[in-house]
Structure formats: structure tokens, C-alpha cells
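A.B. asks: Take this sequence and fold it.
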Amino acid sequence: MDKIYIKTEFIKLQQALKLANIVGQGSDAKLIIQEGFVCVNGEKCTLRGKKLRNGDIVKVMGDVFEKNEDMEFMIADYDS
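C.D. replies: Below you'll find the model as predicted:
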């Protein structure tokens, strides 16, 4: 699982997908989130403004990507 480190209390889901280089633009993030390809902590999430905090796990469905594999990452602060 890839870990994405942030210094803030939270990061919005759309921003997190861009930070993790899962999408190139916010419009791409909006599309895959609204289409239901993203899960947060095991539950489908269609809110691009969902606040992710330390320890939250985001999973993006593999069929969105050319590699056809699932991608996961965890948001954690620098103290972790």
C-alpha cells in the first residue's frame, strides 16, 4: 500500500487522488468519484469533497487504469 504524507489535519478526496498521481486533473477525479470507482475505508464514496484524515484508506477500482489492478493508499501525517 502506498502512503501519502500530508502536514494538514485532512485532505479532500479529490485533492488526494491528484496528490497520489492517480489522476492528472480535478475533472478526472470528479469523474471517477461520481462514477463510483472510489472507496474510502471499504465503502463506496461519491463525495469528492470527502475529508480524509490520518489512517483513512482509499481504494480505486482497477478497471479505471491501464494496469488493471487495484490501487490503495493511506493518508498519514509526518509523525506516523
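A.B. asks: what ranges do the helices span in the protein?
C.D. replies: 13-19, 26-34 (DSSP state H).
A.B. asks: Please identify the most buried of these.
C.D. replies: Most buried of these by mean neighbour count (mean count of other CB atoms under 10 Å) is helix 13-19; its value is a mean of 20. Where you see a C-beta, it was placed from the backbone N, CA and C, and this is true even at glycine.
A.B. asks: So which residues of the protein form strands?
C.D. replies: For the chain, the strands defined by DSSP state E cover 2-5, 10-12, 38-40, 43-44, 51-53, 57-60, 71-76.
A.B. asks: Please enumerate residues in contact with the fourth one?
C.D. replies: This points to strand 43-44. For strand 43-44, the external contacting residues (CB atoms under 8 Å, 6 or more residues apart in numbering) are 36, 38.
A.B. asks: hmm, 6 Å instead?
C.D. replies: Gly36 (CB atoms under 6 Å, 6 or more residues apart in numbering).
A.B. asks: Run me through the strand neighbours of it, direction for each.
C.D. replies: strand 38-40 (antiparallel) (DSSP bridges).
A.B. asks: Same question for the first one.
C.D. replies: For strand 2-5, sheet partners with direction are given as strand 71-76 (parallel), following DSSP bridges.
A.B. asks: Quick check: Lys59 vs Leu19, distance?
C.D. replies: Between Lys59 and Leu19 the computed distance is 16 Å (CB to CB, to the nearest Å).
A.B. asks: What of Met61?
C.D. replies: From Met61 to Leu19 the distance is 19 Å (CB to CB).
A.B. asks: repeat for Gln25
C.D. replies: 13 Å.
A.B. asks: now do Asn41
C.D. replies: From Asn41 to Leu19 the distance is 18 Å (CB to CB).
A.B. asks: Count the residues that sit near Lys59.
C.D. replies: 18 (other CB atoms under 10 Å).
A.B. asks: Test my guess that it contacts Val38.
C.D. replies: No - Lys59 is not in contact with Val38 according to CB atoms under 6 Å; the separation is 7.3 Å.
A.B. asks: And the pLDDT at Lys44?
C.D. replies: Looking at Lys44, its pLDDT stands at 93.
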